[in-house]
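# attaching a predicted model along with its sequence, questions to come.
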Amino acid sequence: MSYSLLGRSFVKEIDFTPADWRHLLALAADLKAQRRAGAEVPRLTGRQLAIVFEKASTRTRCALESACREQGMGVTYLDPSGSHMGYKETVRDTARVLGRMYDAIAFRGAEQTTVEELAAHAGVPVINGLTAQWHPSQSLCDVLTMQEHAPRGSARISFAFIGDARYNMGNSLLLGGALAGMDVRIVSPQDLTTSPEVVAAAERIAAETGATITHTDDPAAGVRGVDFIHTDVWVSMGEAEELWKQRAEKLADYRVTAELMAAAGNPRVKFMHCLPSFHNRDTALGEKLYQELGLEGLEVTEDVFESPASIVFDQAENRLHTLKAVLVALLAR
Ligand code: CP
Ligand code: NVA
């Protein structure tokens, strides 16, 4: 019997086994190769996806929409003001309505409980396109990208996530790396580190996969010997604007600079970021933060972002292939 995740939802990494994770990664690699060869076979013709996003998105929305079109699937996008959900219609009622009209629902918003509630009541697969707690489609993408860029013959991939580790990207990379059996380093000030519940979940998975998990507040020690250094924004969507100053002070030693990259002691170390990223003053918010904080670039400097070590656009492309794999795995009969 072939491997199947048919009918499942994709709302957080801990719902999946290491074998499930390997299956999704292999499927994504296969779909990517088919597309590159001009030989992609649409497996979702006539199916329909509803995308309900309560927060802005470039990559996740476009990856989902492109993946749907390339697989023959129809798609409806509801933007943050585009549906009644949460204001005058409950999540549960919205789930039951959309489940009658669509074959799957993708959701992005603040609370993990919302995407879990949609999944509980829709009767169709639900995909988490980011909540404050988890960003599983990003970690699947990031693991694929690391596997593609890993040094040939390396026994085990080693990476550090540095910065605000208690939010969606810190949590998801920890769990995604644990599922893939990697050497995972979480590098952050102690009050921005992983919650005990997420650490416990990661350690349970690591016991099965052989992953190692290290938490440290020492940036240079944390990145020593790694193949990849990841970071994320210092203040996430939905968090208070007032936090920028406080985070900039707290995370000043946790910026990804050329010195930090050198501290890996690995000339082949690569830089990764889920994006969007503050690496210069060329955006409205980047300029505003420069005026307020005097920092040109925040979590990563422009020289690292634009260096040959930066693989952020390979990573961004892989959002398409990995979200397509999720759609095909959950929906293709
Ligand atoms: N990485 C990511 O989720 O990007 P978007 O916010 O553009 O979807
Ligand atoms: N932590 C970021 C990730 C964006 C893809 C946020 O939630 O805004």
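Received it, and whenever you're ready, just let me know what you need. Ligands and ions are numbered 1, 2, ... in the order given.

# could you use CA atoms for every contact and neighbour count after this?
Will do.

# quick one: the helices in the chain?
18-36, 59-70, 91-101, 112-122, 136-149, 168-179, 196-209, 219-223, 243-250, 258-263, 284-293, 302-305, 312-331 (DSSP state H).

# ok, and which of these has the densest surroundings?
Stretch with highest mean neighbour count among the helices of the chain: helix 168-179 (a mean of 28; mean count of other Cα atoms under 10 Å).

# what's that helix in contact with?
12-14, 17-18, 21, 130-136, 138-140, 142-143, 161, 164-165, 183-184, 186, 194, 198, 201-203, 205-206, 209, 211-213, 232 (Cα atoms under 8 Å, 6 or more residues apart in numbering).

# hmm, that helix in reach of ligand 1?
No. Among the residues of helix 168-179, none lie within reach of ligand 1 under Cα under 6 Å from any ligand atom; the closest is 9.2 Å away.

# enumerate every residue touching the residue nearest to Lys32 when sequence neighbours are not counted.
Once flanking residues are discounted, Lys32 sits nearest to His321: 5.6 Å by Cα to Cα, 6 or more residues apart in numbering. His321 is in contact with Ala28, Ala29, Leu31, Lys32, Ala63, Ala67, Cys141, counting by Cα under 8 Å, 6+ apart.

# ok, so of these, who is nearest ligand 2?
Minimum distance to ligand 2 across the contacts of His321 is 12.0 Å, recorded for Cys141 (Cα to the nearest ligand atom).

# I figured the closest one was touching Thr322, is that so?
Yes. Between Cys141 and Thr322 there is a contact under Cα atoms under 8 Å: 5.6 Å.

# gap between Tyr167 and ligand 2?
Per Cα to the nearest ligand atom, to the nearest Å, Tyr167 is found 6 Å from ligand 2.

# enumerate the residues of the stretch 151-300 of the chain near ligand 1.
Contacts of the stretch 151-300 of the chain with ligand 1, taken as Cα under 6 Å from any ligand atom, map to Cys274, Leu275.

# please apply the same query to the stretch 1-150 of the chain.
So the stretch 1-150 of the chain meets ligand 1 at Ser57, Thr58, Arg59, Thr60, Arg61 (Cα under 6 Å from any ligand atom).

# output those as a markdown table; include the columns pLDDT.
Output for those, formatted as a markdown table (pLDDT from 0 to 100):
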| residue | pLDDT |
| --- | --- |
| Ser57 | 98 |
| Thr58 | 98 |
| Arg59 | 98 |
| Thr60 | 98 |
| Arg61 | 98 |
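
# between those residues, which is closest to Asn280?
Thr58 (18.8 Å; Cα to Cα).

# tell me how many other residues crowd the closest one.
Using other Cα atoms under 10 Å, Thr58 has 9 other residues around it.

# okay, the residue nearest to Leu118 when sequence neighbours are not counted: pLDDT?
Leaving aside its sequence neighbours, Leu118 sits nearest to Ala95 (Cα to Cα, 6+ apart; 5.1 Å). At Ala95, the model reports a pLDDT of 98.

# how much space separates Ala95 from ligand 1?
On the measure of Cα to the nearest ligand atom, Ala95 and ligand 1 end up 22 Å apart.

# which residues touch that residue?
Leu118, Ala119, His121, Ala122.

# dump these into TSV; add pLDDT as well.
Below are the contacts of Ala95 laid out as TSV (pLDDT from 0 to 100):
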residue	pLDDT
Leu118	98
Ala119	98
His121	98
Ala122	98
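
# center of this structure, which residue is that?
When the chain is reduced to its mean C-alpha position, the closest residue under Cα atoms, centre = their mean turns out to be Gln138, at 2.1 Å.

# that residue contacts Glu317, correct?
No. Taking contacts as Cα under 8 Å, Gln138 lies outside contact range of Glu317: 11.1 Å.

# mind putting the contacts of Ala95 in TSV, distance to ligand 2 included?
Below are those laid out as TSV (distance: Cα to the nearest ligand atom, whole Å):
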residue	distance to ligand 2
Leu118	20
Ala119	21
His121	25
Ala122	25
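
# in the stretch 1-150 of the chain, what residue is nearest ligand 2?
Ala132 (6.0 Å).

# extract the C-alpha trace of stretch 279-293 and format it as CSV.
Listed in CSV are the C-alpha atoms of stretch 279-293, where the atom choice follows Å, rounded to 0.1, in the frame of the first residue of the first chain:
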residue,chain,number,x,y,z
HIS,A,279,18.1,44.1,6.2
ASN,A,280,18.2,47.8,5.0
ARG,A,281,16.2,51.0,5.0
ASP,A,282,14.5,50.5,1.7
THR,A,283,11.0,49.8,3.0
ALA,A,284,8.6,52.2,4.8
LEU,A,285,8.9,50.3,8.0
GLY,A,286,12.7,49.8,7.6
GLU,A,287,13.1,53.6,7.3
LYS,A,288,10.8,54.3,10.2
LEU,A,289,12.8,51.9,12.4
TYR,A,290,16.0,53.4,11.2
GLN,A,291,14.7,56.9,12.3
GLU,A,292,13.6,55.6,15.7
LEU,A,293,16.3,53.1,16.5
